[in-house]
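Engineer: Structural data only, the sequence is not supplied:
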């Protein structure tokens, strides 16, 4: 059954929360058909308006959750409420725990070699029963992509985490999912850096009030200022135009 969705500035976001997503993923693994999970935040909404291929991937993804609290707030204002956020890191952590319990095999792909190997080590110590199908860092040339996709396919993983930025991860998954044949593929962005301790995550109260971006900006102002300040300002401006019906976003 298709998941009901809404649109934030014309971009699809599904009406599903974290628990609903986890239950859907159990279904996907039982079915054994390759599914692409996308989570959308303010930055990705803005990028999707400039990148046609990224927007097509969001539109055709098997599940598209709201990664950012602001998207949940906007959906409530517009009368078609998203029940809760589907944060990419939270989803990954819950899936690792569930995989250890249910025997799902996980492949970890992305980040620096020391980071991804540290993530695997941390999770195997935390969950000794966890089945790791394999892991690989996120540094490769375009020519290596088919070989990597085949390596992942040969691993017989049930879940694949892809840890690099937008839109690179979404496009890699879309381009190679037919070869990888993993039932659940989730793009987790910088989540490996968080688990490995390279980047600190915001306190829970900041996450709950939509200030996780601000905490990240304070940690890496030189790298993140444009992504957050410029992109967030553009989102607010577009939202105001939409609310006042000055411009229709489709």
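Structural biologist: Thanks, I have the structure now. Note that the structure is a prediction, hence the values are computed from the model and not measured. Numbering: from 1, shown residues only.

Engineer: Do a quick rundown of the helices in the protein.
Structural biologist: 18-31, 42-50, 52-60, 69-77, 88-102, 113-126, 145-154, 168-180, 191-195, 204-208, 212-219, 221-225, 231-243 (DSSP state H).

Engineer: got the buried residues for the fifth one?
Structural biologist: Residues of helix 88-102 classed as buried by neighbour count (16 or more other C-beta atoms under 10 Å): 88-96, 98-100. Bear in mind the C-beta positions are built from the backbone N, C-alpha and C, glycine included.

Engineer: Switch those over to a markdown table; also include distance to residue 121.
Structural biologist: Listed next are the buried residues of helix 88-102 as a markdown table, based on distance: C-beta to C-beta, whole Å:
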| residue | distance to residue 121 |
| --- | --- |
| 88 | 21 |
| 89 | 18 |
| 90 | 21 |
| 91 | 21 |
| 92 | 16 |
| 93 | 16 |
| 94 | 20 |
| 95 | 18 |
| 96 | 13 |
| 98 | 20 |
| 99 | 16 |
| 100 | 15 |
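
Engineer: care to break this protein down by domain?
Structural biologist: Here the domain parsing of the chain from automatic domain parsing is 5-190, 207-239.

Engineer: picking that back up, pick the most deeply packed of the helices of the chain.
Structural biologist: helix 191-195 (a mean of 24; mean count of other C-beta atoms under 10 Å).

Engineer: Mind giving me the packing neighbours of it?
Structural biologist: If you count contacts as 3 or more C-beta pairs under 8 Å, 6 or more residues apart in numbering; DSSP states H and E, helix 191-195 packs onto helix 88-102, helix 113-126, strand 159-163.

Engineer: any idea of the mean pLDDT in the shortest one?
Structural biologist: In this case it means strand 159-163. Averaging pLDDT along strand 159-163 yields 98.

Engineer: Please apply the same query to the second one.
Structural biologist: Per-residue confidence for helix 113-126 averages out to 98 on the pLDDT scale.

Engineer: Please list the outside residues in contact with it.
Structural biologist: 96, 108-111, 130, 132, 135-139, 163, 192-193, 195-198 (C-beta atoms under 8 Å, 6 or more residues apart in numbering).

Engineer: Quick one: distance of it to the chain centre.
Structural biologist: Computed by C-alpha atoms, centre = their mean, to the nearest Å, the chain-centroid distance of helix 113-126 equals 19 Å.

Engineer: which strands and helices sit next to the worst-scoring helix or strand of the chain on mean pLDDT?
Structural biologist: Every helix and strand of the chain was ranked by mean pLDDT, DSSP states H and E. The lowest is helix 221-225, at a mean of 72. Helices and strands touching helix 221-225, as assessed by 3+ C-beta pairs under 8 Å, 6+ apart, comprise helix 212-219.
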